[in-house]
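sequence first, then the predicted structure:
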Amino acid sequence: MSYSVGQVAGFAGVTVRTLHHYDDVGLLTPSERSHVGHRRYSDADLDRLQQILFYRELGFPLDEVAVLLDDPDADPRAHLRRQHELLTARIEKLRKMAAAVEHAMEARSMGINLTPEEKFEVFGDHDPDQYEDEVRERWGNTDAYRLSRQRTAACTKDDFKRLTAEFDAIHRRMADLMADGIPADSEEAMDTAEEHRRFISGSYYDCGHEMHTCLGEMYVADPRFTATYDKIRPGLAVYLRDAIAANADRHSG
């Protein structure tokens, strides 16, 4: 079975022009032509295109992709193993960067200053400005990006005072439950944890239950967050974390 260039473009999410270019440079030459000379792609061609797009997503230039794929000693399974390793490393890097963003957002909402080292340790030797255009192109038009910027830009000094007072009230209610011996996985504690999550979502940034659980862990792992909560009541950071986790489990079902 063979496929037209339009069909392949639709399958792969690339443009017809891109496929023509790959053909012109010898990277992906269709195995067949129709009786009127139109390109026709085989399943083997689609496999090669998949490999090309994997490597392109990983940042390899076209000439390097061609060298890799045309290596006579290369096993297709070896390509997949290599791509899996590279993608896994990228996923881990992005996971750490996402955690750093969550950390920074929560620190700002609670008035905690990160050290210069903490602000930039996630980048290692990587210069994020090197890819600034790509970041703006990929995420600059997302709802989350716009929402984050809009909310922080729109807040006045009085707004921040009001938000701080409301957030503090939630923390005090949680501390009161703890003082009364109410378990962290009780309905009252979980309801207060849910109020905490919704406050963050409504006032600062979208915070799902998974992110909320990560924040709860951070309240205990980062001594500055722990100190902030334990100043309200000793042990509150752990109690709040446990209530958040219980609430997330309640909603996961």
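Everything's here; your move.

give me the distance between residue 90 and residue 58.
Here the criterion is CB to CB, to the nearest Å. By it, residue 90 lies 7 Å from residue 58. Quick note: C-beta positions are derived from backbone N, CA and C, even for glycine.

and what of residue 230?
Taking CB to CB as the measure, residue 230 falls 44 Å from residue 58.

any idea of the mean pLDDT in the strand or helix carrying residue 160?
Applying DSSP states H and E as the criterion places residue 160 in helix 157-179. Mean pLDDT, taken over the full extent of helix 157-179, equals 87.

I'd like to know which elements it is packed against.
Using 3 or more CB pairs under 8 Å, 6 or more residues apart in numbering; DSSP states H and E, the elements in contact with helix 157-179 are helix 187-203, helix 223-232, helix 236-252.

nearest to residue 75 among the ones you listed would be which one?
Proximity to residue 75 (CB to CB) singles out helix 236-252 among those, at 41.0 Å.

buried sites along the closest one?
Of all the residues in helix 236-252, those buried under the rule 16 or more other CB atoms under 10 Å are 236-248.

and what of stretch 24-41?
Those would be 27-28, 30, 39-41, for stretch 24-41 by 16+ other CB under 10 Å.

turn the buried residues of helix 236-252 into JSON lines, columns for pLDDT and distance to residue 10.
JSON lines is the format used below for these (pLDDT from 0 to 100; distance: CB to CB, whole Å):
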{"residue": "236", "pLDDT": "95", "distance to residue 10": "54"}
{"residue": "237", "pLDDT": "94", "distance to residue 10": "51"}
{"residue": "238", "pLDDT": "95", "distance to residue 10": "52"}
{"residue": "239", "pLDDT": "96", "distance to residue 10": "53"}
{"residue": "240", "pLDDT": "96", "distance to residue 10": "49"}
{"residue": "241", "pLDDT": "95", "distance to residue 10": "47"}
{"residue": "242", "pLDDT": "95", "distance to residue 10": "49"}
{"residue": "243", "pLDDT": "96", "distance to residue 10": "48"}
{"residue": "244", "pLDDT": "95", "distance to residue 10": "43"}
{"residue": "245", "pLDDT": "94", "distance to residue 10": "43"}
{"residue": "246", "pLDDT": "95", "distance to residue 10": "46"}
{"residue": "247", "pLDDT": "95", "distance to residue 10": "43"}
{"residue": "248", "pLDDT": "93", "distance to residue 10": "39"}
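
out of the residues you listed, which comes closest to residue 188?
Checking the buried residues of helix 236-252 against residue 188 by CB to CB gives residue 243 as the nearest, at 9.2 Å.

what sits against that closest one?
In this structure, residue 243 makes contact with 174, 184-185, 189-190, 192-193, 216, judged by CB atoms under 8 Å, 6 or more residues apart in numbering.

specify the local secondary structure of residue 182.
coil (DSSP: H, G, I helix; E, B strand; the rest coil).

count of neighbours near it?
When counting by other CB atoms under 10 Å, one arrives at 17 neighbours for residue 182.

off-centre distance for stretch 203-214?
13 Å (CA atoms, centre = their mean, to the nearest Å).
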